[in-house]
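Enquirer: Quick one, fold the following:
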Amino acid sequence: EVQLQASGGGLVQAGGSLRLSCTASGLILDDYGVGWFRQAPGKEREGLSCSTRGYTPDYTDSAKGRFTTSSDSAKNTVYLQMNSLVPEDTAVYYCAARRRWKSEYDYWGQGTQVTVSS
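Expert: Okay, here's the model as predicted:
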């Protein structure tokens, strides 16, 4: 059974940082594109980044300059480092995985709450 576990969320003050983790079981993340998304209350889900091992990550405008992805193959984990957080970053953050040749994501994590206080 494939599972993605997103973790690392929490409460942080504006200007602070958090690092989210996306750990997989049942698949090898190096073989997949891994995306980070978020959904704020009352808003649609928003894409943040997509990273594939061996390629430069893609970031959306919401993530550029403040968020960075990285990975640890030994831990089968992808990270999202978030810096200079603002209250507008408050949302549930999700990771997802897709086969490299696909545009749609096959597997989703359960989400981790990030709350940024002003």
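Enquirer: Quick check: beta-bridge partners of the residue nearest the centre of the chain?
Expert: Nearest residue to the geometric centre of the chain (CA atoms, centre = their mean): W36, 3.0 Å. Judged by DSSP bridges, the bridge partners of W36 are S49, C95.
Enquirer: Distance check, it against R45.
Expert: Counting by CB to CB, to the nearest Å, the gap from W36 to R45 is 11 Å. Yep, even glycine has a C-beta here, placed from its N, CA and C like the rest.
Enquirer: got it, and S21?
Expert: Distance from S21 to R45, by CB to CB: 20 Å.
Enquirer: quick one: which of the two has more around it?
Expert: Legend: neighbour count by other CB atoms under 10 Å for S21 and R45, higher for S21 (18 against 11).
Enquirer: What are the buried residues along the helix or strand encompassing that one?
Expert: In this assignment (DSSP states H and E), S21 forms part of strand 18-25. By 16 or more other CB atoms under 10 Å, the buried positions in strand 18-25 come out as 18, 20-24.
Enquirer: hmm, who's touching that strand?
Expert: The contact list for strand 18-25 (CB atoms under 8 Å, 6 or more residues apart in numbering) reads 1-10, 12, 29, 34, 36, 75-82, 85, 93, 95, 97, 107, 109, 112, 114.
Enquirer: what's the nearest residue to G15 if we skip its chain neighbours?
Expert: Nearest non-adjacent residue to G15, counting by CB to CB, 6 or more residues apart in numbering: S84, 6.3 Å away.
Enquirer: related to what we said a few turns ago, intersection of neighbour lists for W36 and R45?
Expert: Shared contacts of W36 and R45, defined by CB under 8 Å, 6+ apart, comprise Y94.
Enquirer: Mind jotting down where the strands sit in this structure?
Expert: Using DSSP state E, the strands of the chain run over residues 3-7, 10-13, 18-25, 32-39, 46-52, 58-59, 67-72, 77-82, 91-99, 107-108, 112-117.
Enquirer: For the longest one, the averaged confidence score.
Expert: When pLDDT is averaged over strand 91-99, the result is 97.
Enquirer: same question, the fifth one
Expert: Averaging pLDDT along strand 46-52 gives 95.
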